[in-house]
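Structural data only, the sequence is not supplied:
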C-alpha cells in the first residue's frame, strides 16, 4: 500500500470562533482499526466527520487514499466510505433490505446483484435474510438495528468505515455480542476503520491503535497496551479503571499480532 | 327534509353544475396552492432566516376576511375582476398557509440523524430531499392539504358572491329568500363534499405511506376519484357553452329579473343562456359587466346614477334614464328600455283606509292628516274610539335618518302625524301596518308583502322620491353580436308593472316558489315570448 487509508495532516478546525481541533496529525492504514477516545467535546466526532467531508478543516488537510478530501468529489468519497452512527440512523420509511440497498442502488448496480448483496450482508451480520429483509426499522431491537446499520455501511464494499459510537446505546450483553461480530467481520473484510467511542474497554478490545484527544489536541496515539501503560494524567484519568484490571489488557491484545 | 329532497330533485341538473364548479374551484386552488406552498415550505425549512417572513406573509393573507379579499381583488388587472379567476386567486391565497406550514413542520420533523446518514452515504441534496426528507414529511404535508381542502370547500361557497358559481349560489339565494331549504341545498352538499374530499386525501395519504399501502385504500381512492371526475364532467357538460351570461345581484327581485331576461332571450331568440345570479352587490355586478364576466343584468337607474356614477339623486325619470344611458355608453355598455316599474320608496297605508278615504296620492294623505276626527284611520277608531286625528307613522331606521327620507318627505308634503314616527325593523313595517299598530309607513315599492297583506301604495305625486326604474344593462359588444338577444330584451320594455313585480316577489319569498317557474308563468301570461 502506497498510501495510508486516511491521513490527517496538521488539521485544525474551529466552530463559531472557538478551536475544536488543534493541529492533529494521524494516520490509519488499510486493515487497521483506529479508536478515537476522549471526553465529550474533545473533538472526536469532528475529526471523524472530516474524513467524509461532512466538515472541511480550516487548516491542514485530510488525505484519503493519498488524495486531499478537498480534491475528492464529496458524493463519490462518501459512497466509498461506510458510515455508522449510534442507533444506526436507518431510514424509517424503508425496509431493512431497502436500507442496505441504498448505496448499491445509487451506484446503479443491477437489481439481481443488489438483492444478492443484501442477503450476503444480512448473513454476514447474523440476521436471517428470510426474516429480516422485509422488516421495518422500528420492528427491530437495538442490536438488530445496529447490525443492519453495519450491513448498510458495508453494502458497496467500501474500503473505509467510519463509526461514531456505534454500540453506545446498547445493553452490555448485546454490546458484547456485537463486539464479537465486529471482530469477525473485520477479520473477514480487513477494512480501514475509524471508531469513535467513549467506552475505553471497547477501544482496547477492538482497536489496533487508540488516539486520545484532549480539548482538541491529540495527546497520544498508541497501541492499547501502550495507552494503558501511559503516565499522562489526562490519559490515565480516562483509563483509570481498566488499568486495575489486567485481564482487560490481556483481552485487548491486538489481534493480528497473534 | 322532504322539502330539501324535493328541491334537490327539481334542481338536479343545476346542482350537478354547481357541485362541479365547486369541485373545480377547490381542486384547482388547492393544486395551485400546493405548487406554491410546498416549494416555499422546502425553502423555508432549508433557510430558517426566510422562514419567518414567508410564514408571516402567509399568516397575514390568511387573516383577511374572505369577502374583503374578494373586494380587494376585483379592481386588480389579470388576477382580479369577477368570476372563477378571482375566486381561484382568493382560494389559493387561503390554501397556501396550511400547506406551507405543514411542509415546514414535516421537513423539520425528519430526524437529523437520518438526514446526516443520508448525506454521509453519498446522496446528493436532491436525492436526500426526494428519497428521505420528502417521504418522511409526506404524512404532515398530506394533513396540511386536508386542512386546505376543507377550508377551501367552505370558503368557495363565498365565491358565489363574485360570480364564480359553486354551491354558495344556493346559500346566498336562500339567505336572500329567507328560505332555509335553499340554504341547506347549498350547505349540506358543501359539508358532504368537505368530508368526502378529506376522506379521499386521507386515503391518498395512506397510499403514499409504504407501511400501510393496501388494496382497500387504492379502491377507495379510485372510486372517489371517479366520482369526482364524473360529477365534474357532467357538471361541465350541463353548463356547456352558453351564448351569453345573465347576471343578477343577490336579492329576490334581482334573481327574478335575471331569470326573466334569461328566459325572454331563450324563448324569443333561441340562444343558450347561462345564469350567474346572486352576485354580491351593485359594484360586483357592474364590474362583472365591464370585465365580461356577465353580459347583462338588471339595474335601477337611480342606483346607477348615485352608486355607480356618483351623481346626486333625482326624481326625474326621463332625465335620469338619459343621463345614465349616456354614462353607460361611454364605458361600452348599453342601457336598454326600462322594464316598467320603479323600485323606489313607497308610502303605504292599509288598502281599506285608502279605499274608504279615497286616497290615491301622498298629497291625498297629507290632506287627510289636516282633516277632522272622522277621517281618522279605521284601526285607530276601533282601537281607541276617543283618539284625536292621530295617524301613527312607523319607519325603518334608515328612512328616518337619510336626507331623502322622512325629513325631506315631510318638507315636501307637510305631513302632520300625531306624534313622532316610530322606528321599526324594515322587515316588520309591512306587518305592523296590516296589524294596525301603525297607519302609515314607507317601504319598498315592489315588496311582495304589499299585495299579500292588502296594503295600498300612495303615488308620489310631488315626485319627491328619486326614481329607481329597472332596466337591463348589457355589454354593447354582446348586443351587437346577438341582435336577437337585444330584441328580446327590448320587447320586455314596459311589460313589468310594480304590481307584477310585487306578485312575483311574493310568489318566491312568500310562497317559496322556484323563481324559474314564477317567471315562466309570468311570461306565459303576458304573452309574446
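Happy to help now that I have it. Computed from a predicted structure; not experimentally measured.

pretty sure residue A:57 belongs to a strand, no?
No. Read with DSSP: H, G, I helix; E, B strand; the rest coil, residue A:57 is coil and lies in no strand.

ok, residue B:109 - how many residues close by?
Using other Cβ atoms under 10 Å in any protein chain shown, residue B:109 has 13 other residues around it. From N, CA and C alone the C-beta is placed, and that goes for glycine too.

just checking, residue A:211 touches residue A:36?
Yes. Contact criterion Cβ atoms under 8 Å: residue A:211 and residue A:36 qualify, at 5.2 Å.

The two - which one has more neighbours?
Per other Cβ under 10 Å, whichever of residue A:211 and residue A:36 has more neighbours is residue A:36, with 28 against 25.

pLDDT of stretch B:310-330, averaged?
Stretch B:310-330 shows a mean pLDDT of 92.

nope, stretch A:77-89 is what I meant
90.

can you give me how far that stretch is from the chain middle?
8 Å (Cα atoms, centre = their mean, to the nearest Å).

Can you give me the first-to-last residue distance of it?
19 Å (Cα to Cα, to the nearest Å).

Is any residue of that stretch near chain B?
Yes. Counting by Cβ under 8 Å from any Cβ of the partner chain, contacts between stretch A:77-89 and chain B involve A:77, A:78, A:79, A:81, A:83, A:85, A:87, A:89.

if we can go back for a sec, which residues are common contacts for residue A:211 and residue A:36?
Here residue A:211 and residue A:36 have no joint contacts, going by Cβ atoms under 8 Å, 6 or more residues apart in numbering or on different chains.

can you list the residues of the stretch 51-200 of chain A near chain B?
Residues of the stretch 51-200 of chain A lying near chain B (Cβ under 8 Å from any Cβ): A:52, A:54, A:75-79, A:81, A:83, A:85, A:87, A:89-94, A:102-103, A:106, A:136, A:152, A:162.

distance between the ends of stretch A:207-221?
Using Cα to Cα, the end-to-end distance of stretch A:207-221 comes out at 11 Å.

Name the nearest residue to the residue in the stretch 101-250 of chain A that chain B sits nearest to, sequence neighbours excluded.
Going by Cβ to the nearest Cβ, chain B is nearest to residue A:103 of the stretch 101-250 of chain A, at 5.5 Å. In this structure, residue A:103 finds its nearest non-sequential neighbour in residue A:156, 4.4 Å apart by Cβ to Cβ, 6 or more residues apart in numbering or on different chains.

Report the separation between that neighbour and residue B:17.
As for residue A:156, its distance to residue B:17 is 59 Å (criterion: Cβ to Cβ, to the nearest Å).

Can you pick out the residue with more neighbours from these two?
Taking neighbours as other Cβ under 10 Å, residue A:156 and residue B:17 compare with residue B:17 leading, 24 against 21.

What separation is there between the more buried one and chain A?
Distance of residue B:17 to chain A, given as Cβ to the nearest Cβ, to the nearest Å: 42 Å.

Residue 198 - how many residues pack around it?
Let's take chain A. By other Cβ under 10 Å, 16 other residues sit near residue A:198.

ah, no, chain B please
Residue B:198 sits with 16 neighbouring residues when counted by other Cβ under 10 Å.

show me what contacts it?
Taking Cβ under 8 Å, 6+ apart, one finds B:146, B:149, B:150 in contact with residue B:198.
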